[in-house]
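Novice: no FASTA, just this:
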């Protein structure tokens, strides 16, 4: 944990509450990005981001410093978004098991590592079809370059579980892209 953040937290808890703006300025956009990826709506994400920071402010005295403040804040954001999503009906995406089991890692790597404009657009559309949990994991690992250990803490899951999920998400993205290509 950054010492300056610990000092700011101590100052806030001592009554200097305007110092909390540091956390809004430092982490606001990142938290918003995670939440909007999960919920899909910028308007909802804006409200949930505000909820996240309000919860963090109200429970600041509960922060124990065992993780970085950003990790603690991400966990609050993740749980806030999940709670909101549980109130909505969810759609289940099915994938043909034969296709799933016959994929090689090289096929997936080649397809997902292409960086032409069309592939990037296909990948964005495929990402929208993932579950909120999967989108959160993609955001944290691939877009924000968070280490696996930190993601484990944010999502409250084991390292093995996170690695398996990342592997399965890559397969799922590949299948979604291929399905889109076949329907053209």
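Specialist: Thanks, I have the structure now. Remember, it's a predicted structure, so these values are computed and weren't measured experimentally. Numbers count the residues shown, from 1 in each chain.

Novice: phi, psi for the residue sitting nearest the centre point of the chain please.
Specialist: Nearest to the mean C-alpha position of the chain, by Cα atoms, centre = their mean, lies residue 136 at 2.3 Å. Dihedral pair for residue 136: phi -60, psi -40, per degrees, to the nearest 10.

Novice: ok, it - contacts?
Specialist: Residue 136 makes contact with 34, 37-38, 78, 81, 155 under the criterion Cβ atoms under 8 Å, 6 or more residues apart in numbering. For glycine as for every other residue, the C-beta is placed from the backbone atoms N, C-alpha and C.

Novice: and the longest helix seen in the chain, what does it pack onto?
Specialist: Longest among the helix segments of the chain by residue count, using DSSP state H, is helix 159-182. Secondary-structure packing of helix 159-182 (3 or more Cβ pairs under 8 Å, 6 or more residues apart in numbering; DSSP states H and E): helix 97-101, helix 105-113, helix 117-128, helix 132-138, helix 148-155.

Novice: now render these as JSON lines, adding mean pLDDT and distance to residue 5.
Specialist: JSON lines is the format used below for the helices and strands packed on helix 159-182 (pLDDT from 0 to 100; distance: least, Cβ to Cβ, whole Å):
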{"stretch": "helix 97-101", "mean pLDDT": "57", "distance to residue 5": "43"}
{"stretch": "helix 105-113", "mean pLDDT": "70", "distance to residue 5": "35"}
{"stretch": "helix 117-128", "mean pLDDT": "85", "distance to residue 5": "31"}
{"stretch": "helix 132-138", "mean pLDDT": "91", "distance to residue 5": "23"}
{"stretch": "helix 148-155", "mean pLDDT": "94", "distance to residue 5": "15"}
